[in-house]
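A.B. asks: fold the following, please.
(chains A and B)
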Amino acid sequence: DSGVTQTPKHLITATGQRVTLRCSPRSGDLSVYWYQQSLDQGLQFLIQYYNGEERAKGNILERFSAQQFPDLHSELNLSSLELGDSALYFCASSETSGGGNEQFFGPGTRLTVL
Amino acid sequence: AQSVTQPDIHITVSEGASLELRCNYSYGATPYLFWYVQSPGQGLQLLLKYFSGDTLVQGIKGFEAEFKRSQSSFNLRKPSVHWSDAAEYFCAVGPGGTSYGKLTFGQGTILTVHP
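C.D. replies: From the prediction side, this is the model:
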């Protein structure tokens, strides 16, 4: 158990819908990262927050947005869903923000778009 | 831009045999290098990491990796594989000397262990 929790574990929805994925980092970690894992794209970095502020952005679609709240939990919002958004979404956390920090991964949320 | 290549998509070994998983990276400066393992239905677990210093790093579960700057490689090794090592292994590179922590992952290597 990494100490990172993600809810829900599974999510099934229809095209065009909007969903919210939630992540609670390990106690004391200030940075939260979101990654998408799909069969065709592999594991891809989406976005990083550090202490409530956006720190880095990767290949995140405009239909996707995220935020980190004062209690440090984070939410990833996916809207106007398409079939291709079906994937495993991981949240990770680390103590601080730099590239050398060990990132602890949650168990993931499996999103299926029908 | 940073990138990681894991040339082997799938490797099969017998239990007790030695293992080497290959990883090549591309990064303009000194990278931070990681190996993660993902068991079916699980998140990723860090096996080991390299930042600087000794180029041979030891990790958990008996794994080690060697950083070779001249070859831009960071191969993962284990002298004797156990059936419980069957999983998918990911090599990743992080941006050294930066204030952000984006990891770039390779495509992964699936390890099958035969009894």
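A.B. asks: how about the contacts made by the residue positioned nearest the centre of chain A?
C.D. replies: Geometric centre of chain A, nearest residue: A:Trp34, 3.1 Å, by C-alpha atoms, centre = their mean. Shown in contact with A:Trp34 (C-beta atoms under 8 Å, 6 or more residues apart in numbering or on different chains): A:23, A:45-48, A:60, A:66, A:74, A:76, A:89-92. The way it works is simple: take the backbone N, C-alpha and C, and place the C-beta from them, glycine included.
A.B. asks: how about it: what's its closest non-neighbour residue?
C.D. replies: A:Leu46 (4.2 Å; C-beta to C-beta, 6 or more residues apart in numbering or on different chains).
A.B. asks: so what does the one you found look like in phi/psi?
C.D. replies: Main-chain torsions, A:Leu46, degrees, to the nearest 10: phi -100, psi -60.
A.B. asks: then B:His10?
C.D. replies: Torsion angles, degrees, to the nearest 10, at B:His10: phi -140, psi 130.
A.B. asks: before we move on, the earlier item: and the residue nearest to A:Trp34, how many neighbours?
C.D. replies: 21 (other C-beta atoms under 10 Å in any protein chain shown).
A.B. asks: over to B:Thr112?
C.D. replies: Using other C-beta under 10 Å, B:Thr112 is surrounded by 12 other residues.
A.B. asks: so what's it closest to, chain neighbours aside?
C.D. replies: Using C-beta to C-beta, 6+ apart and skipping residues adjacent in sequence, the residue nearest B:Thr112 is B:Thr12, 4.4 Å away.
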